[in-house]
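1. below: sequence and its predicted model.
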Amino acid sequence: MPVTHSVPMARNQRPSRPAESGVSHPSPGTVLDRLTAGANRAARITHTEHLPPREGRHALWPDRIRPEVINAIHRAGIDHPWAHQAAAAEHALDGESVVIATGTASGKSLAYLSPVLSTLLDGSEAPNGRGTTALYLAPTKALAADQRRAVKDLAAPLGTRIRPAVYDGDTPVEEREWVRQYANYVLTNPDMLHRGILPSHPRWSSFLRALRFVVVDECHTYRGVFGSHVAQVLRRLRRLCARYGSDPVFLLASATAAEPAAAAGRLTGLPVQEVADDASPRGELVFALWEPPLTELHGEHGAPVRRTATAETADLLTDLTVQGVRSVAFVRSRRGAELISVIAQERLAEVDRSLARRVAAYRGGYLPEERRSLERALHSGELLGMSATTALELGIDVSGLDAVLIAGYPGTRASLWQQAGRAGRSGQGALAVLVARDDPLDTYLVHHPEALFQRPVESTVLDPDNPYVLAPHLCAAAAELPLTDSDLDLFGPAAPALLPQLEAARLLRQRASGWYWTRRERAADLTDIRGEGGSPVRVVEAATGRLLGTVDASAAHATVHEGAVHLHQGRTYLVRELDLKDSVALVEEATPPYSTTARDTTSISVLDTDTTVPWGEGRLCYGSVEVTNQVVSFLRRRLITGEVLGETKLDLPPRTLRTRAVWWTVTEDQLDAARVNPEQLGGALHAAEHASIGLLPLFATCDRWDIGGVSVPLHPDTLLPTVFVYDGHPGGAGFAERAFHTARAWLTATREAIASCECDAGCPSCIQSPKCGNGNDPLHKRGAVRLLTELLRGAPEDPSSGD
């Protein structure tokens, strides 16, 4: 192991920037005190967590890193690596795949770049052929472009021996041949690997033959169905590399995550070493949980409505800008980012017109030069405030921030800490504020801070063996090279049973030498690795015929139905018509003062029960189900307040989905013990279902929109009152399975979330759902609490111990 020693806390590894004139770095406690000085502001803070500063621990570079690379790193202003960087480089040079799972701004890029650049230099001295190559994969094109710039700058002293190049959908045709033939560090994304590189592998033969390293950046983003697809793409890459005689080492970079080596192993199919002891320094972090106040407005059935996280965050960003505190506000949607920026600018103009120009929005969809300009303005202090989507979260270099505002829980603790880590990136203290949305999960978290600060980050959930994911990749692999029996272990235990089904569907044909792709069309086009299959719906501007983009077929009914508000690159459109036959949504530009939310109804049938665990007299089950879903209407909500303006009926056909689910049943005796009578039963089950869907993202890396639920007072398959929660993806995505294995903790949190809400009969903070097709009726809050209390009374410690 490398020798380590401590360094002063404030010594950041990046070369330090001179302090900007007129920009101070007040202590985070002082900044928070100023934010809470207004009327009733202090009461909105439900908890404040103080994370102490941490000293950094340096080490020495492994002696196998070439001196030229170490000198280039010195020229960048970095004298010594942190201990975790040196440890990761050792694993890489030993030929061991490794995942680096450390905090934001901990120098993960240098941890993998140092061995990669050193090995590329070794390869450049090979007497024959191309030498050594490396492949870099990023989840977004923007991040790959950023990394290319970083590599080019770092490797500038090494001359033409390091030849980085981006290869993605934006690469001009005339440049692509040069990249294939001459680049030795190719930066791309999983989509291009799936559709462009692997199907054309003969043209990449010299690159693949020399491939020594595969870098998988931001690997914690590969979860659920998308992560399962990427896992199979990486298995196809490994298979082709073996065909050309190479066996690359995988270097993965992740935000802090639970069991990173296990998750990286599921993603790559390889044993992976783990480096998770973050040796970089950190300044003091003050983390506040903030709950917006109740308004005088009323929602469905007279439920109280809180002020929106968007409006509250815009106010806080305004106040921070007035204080001269450099800040970023993270928000989940592009529209939200634009809205926070506009509101803050309007309010700043009332104070000082020059301040309005010092706030801007940053999101995906901007041109690269626009994004670079905004980043430079934030670095220099020209911009004081920015509202941003996750386009800024993923690895972009932004340092010198004093505060981060997070408008709504971002879905996982890993993302929360990644966003909070953007503040204090130059080593100084920082403030982070989580502003709760009016929903069960956010409300639970701001009143249960231990769920954020005393629990490890969640496991990354993916299921490469999902047959709906695996089948198209077996076809793609067969089209690349005929599949043989010896290949099947690589693709997992579900592969052998799928081959006869693919042959019966006339997609593959078995011959003596293996399984062959039989069709003329490209096998890689069978699946969109970010979507669900089926023809994507094209979004077309009615007046011009211009194609704005596409929407997954599975999401089209809920997102581009007639009357839906559709956002594209900062512009707002209304859907005029959804043509399901031709898979086209016609839209026209508009500026409605509302957003839209689809509502649906669902029925469910049990196909197969894999596991049943007794919970007292009740049962917890996991298995396969068929879900029939129909979008029936949509709500219009006022943008700033979230007030419901009206509901419009829709006439769309039902759709079926075969997927995986977790469900629980209760008996009549349990209902009697819980004092839930027949008139209350439907509302109690319905309320428990809504709240449990809202809380599941705390236990599985999913969004509440990735899952669905059904509650039935008497289900025909169980013959008992039953609540189902299912994966919203064909074949499942691993979320329901995670719910099954954490059911006791998950349903305990659900009960607490309902019981601790201050409303009388239910509200959006506890049991009302924005996508309920039954208009949130019936719901019975107290009945749900009593029912869950009785169910949990019989829960075993480990729900996975059943037969």
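-> Right, received. Where do you want to start? Since we're looking at a predicted model, the values are computed, not measured.
2. for stretch 101-117, measure first residue to last.
-> End-to-end distance of stretch 101-117 (Cα to Cα, to the nearest Å): 21 Å.
3. pLDDT on it, on average?
-> For stretch 101-117, the mean pLDDT works out to 93.
4. next one: stretch 607-623
-> Computed over stretch 607-623, the mean pLDDT rounds to 97.
5. and if you look at stretch 401-408?
-> Regarding stretch 401-408, the rounded mean pLDDT is 93.
6. over to stretch 204-221?
-> 96.
7. outside of stretch 625-633, which residues touch it?
-> Identification of contacts with stretch 625-633 by Cβ atoms under 8 Å, 6 or more residues apart in numbering yields 557-558, 561, 598-607, 647-650, 652-661, 708, 710, 724, 726, 773. All C-beta atoms are positioned from the backbone trio N, CA, C, and that covers glycine.
8. in which helix or strand does the nearest residue in space to Gly783 that is not next to it in sequence reside?
-> Nearest residue to Gly783, sequence neighbours excluded (Cβ to Cβ, 6 or more residues apart in numbering): Ala684, at 3.1 Å. Secondary structure from DSSP states H and E places Ala684 in helix 678-695.
9. how far off centre is that helix?
-> 28 Å (Cα atoms, centre = their mean, to the nearest Å).
10. okay, buried residues for it please.
-> 680-695 (16 or more other Cβ atoms under 10 Å).
11. if we only consider those residues, which is nearest to Gly492?
-> Ile693 (29.3 Å; Cβ to Cβ).
12. burial of the spatially closest residue to the closest one that is not a sequence neighbour, as a residue count?
-> Distances taken as Cβ to Cβ, 6+ apart place Gly709 nearest to Ile693, at 4.8 Å, with adjacent residues excluded. By the criterion of other Cβ atoms under 10 Å, Gly709 has 26 neighbours.
13. and if you look at Thr628?
-> Neighbours of Thr628 (other Cβ under 10 Å): 14.
14. in the sheet, who's paired with it?
-> Ser603, Thr656 (DSSP bridges).
15. and it, how close does it get to Thr310?
-> Distance from Thr628 to Thr310, counting by Cβ to Cβ, to the nearest Å: 34 Å.
16. same deal with Pro440?
-> From Pro440 across to Thr310, the span is 18 Å (Cβ to Cβ).
17. could you do Trp615 as well?
-> 40 Å.
18. whichever strand or helix holds Thr443: what's the following helix or strand?
-> Element membership of Thr443 [criterion: DSSP H and E] is helix 440-447. Using DSSP H and E, the helix or strand that follows helix 440-447 in sequence is helix 450-453.
19. list the buried ones in the next helix or strand after that following helix?
-> Where DSSP H and E defines the elements, the next helix or strand beyond helix 450-453 is helix 467-480. For helix 467-480, the neighbour count (16+ other Cβ under 10 Å) marks 467-480 as buried.
20. of these, closest to Glu174?
-> Nearest member of the buried residues of helix 467-480 to Glu174, counting by Cβ to Cβ, is Glu480, at 25.7 Å.
21. so what's the nearest residue to Asp247 once chain neighbours are set aside up against?
-> Distance criterion Cβ to Cβ, 6+ apart; nearest residue to Asp247, sequence neighbours excluded, is Cys241 at 6.5 Å. Counting by Cβ under 8 Å, 6+ apart, Cys241 touches Leu208, Leu211, Asp247, Pro248.
22. with Tyr622 instead?
-> Counting by Cβ under 8 Å, 6+ apart, Tyr622 makes contact with Thr609, Asp610, Thr611, Arg660, Ala661, Val662, Trp663, Ala736, Glu737, Phe740.
23. for ChimeraX, write the selection for the buried entries among those.
-> With 16+ other Cβ under 10 Å as the criterion, this ChimeraX line picks the buried residues out of the contacts of Tyr622:
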select :609,611,660,661,662,663,736,737,740
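24. just say helix, strand or coil for Val286.
-> Following DSSP: H, G, I helix; E, B strand; the rest coil, we place Val286 in the strand state.
25. just give me the neighbour total for it.
-> Residues near Val286, counting by other Cβ under 10 Å: 21.
26. doesn't Thr30 make contact with it?
-> No: taking contacts as Cβ atoms under 8 Å, Val286 lies outside contact range of Thr30: 9.7 Å.
27. and stretch 704-718, average pLDDT?
-> 92.
28. what residues sit buried inside it?
-> Within stretch 704-718, the residues scored as buried using 16+ other Cβ under 10 Å are Arg704, Asp706, Ile707, Gly708, Gly709, Val710, Ser711, Val712, His715, Thr718.
29. next: stretch 776-784.
-> Asn776, Pro778, Leu779, His780, Lys781, Arg782, Gly783, Ala784.
30. can you check the pLDDT for the residue nearest to Gly783?
-> pLDDT at Ala684 comes out at 98.
31. verify the stated contact: it with Thr789.
-> No: counting by Cβ under 8 Å, Ala684 stays clear of Thr789, with 11.2 Å between them.
32. sketch out the low-pLDDT regions of the stretch 51-200 of the chain for me.
-> 127-130 (pLDDT under 70).
33. low-scoring stretches of the chain, by residue?
-> The model of the chain has pLDDT under 70 over residues 1-25, 127-130, 363-369, 391-400, 425-427, 531-534, 569-570, 798-803.
34. center of it - which residue?
-> The chain has Thr221 as the residue nearest its centroid, 5.0 Å off, counting by Cα atoms, centre = their mean.
35. tell me the contacts of the closest residue to that residue other than its chain neighbours?
-> Once flanking residues are discounted, Thr221 sits nearest to Pro139: 4.7 Å by Cβ to Cβ, 6+ apart. Contacts for Pro139 were tallied using Cβ under 8 Å, 6+ apart; they are Asn189, Pro190, Asp217, Glu218, Thr221, Tyr222, Leu394.
36. what separates the fifth one from Thr597, distance-wise?
-> Right, Thr221. In this view, Thr221 and Thr597 are 25 Å apart by Cβ to Cβ.
37. kindly report the same for the first one.
-> With distances taken as Cβ to Cβ, Asn189 is found 31 Å from Thr597.
38. between those two, point out the one with more neighbours.
-> Set Asn189 next to Thr597 and count neighbours by other Cβ under 10 Å: Asn189 wins out with 24 against 19.
39. got the contact list for that one?
-> Neighbour list for Asn189: Leu137, Ala138, Pro139, Thr140, Lys141, Ala144, Asp168 [criterion: Cβ under 8 Å, 6+ apart].
40. and the residues you listed, which is closest to Tyr516?
-> Leu137 (28.4 Å).
41. I'd say Asn466 and Ala733 touch.
-> Yes: counting by Cβ under 8 Å, Asn466 does reach Ala733; the two are 7.3 Å apart.
42. and the two? which has more neighbours close in?
-> Per other Cβ under 10 Å, whichever of Asn466 and Ala733 has more neighbours is Ala733, with 31 against 25.
43. quick check, the more buried one in a helix?
-> No: Ala733: not assigned to a helix; according to three-state DSSP it is coil.
44. what residues are up against it?
-> Shown in contact with Ala733 (Cβ under 8 Å, 6+ apart): Gly224, Val225, Ser228, Val461, Leu462, Asp463, Asn466, Arg660, Cys702, Asp706, Asp727.
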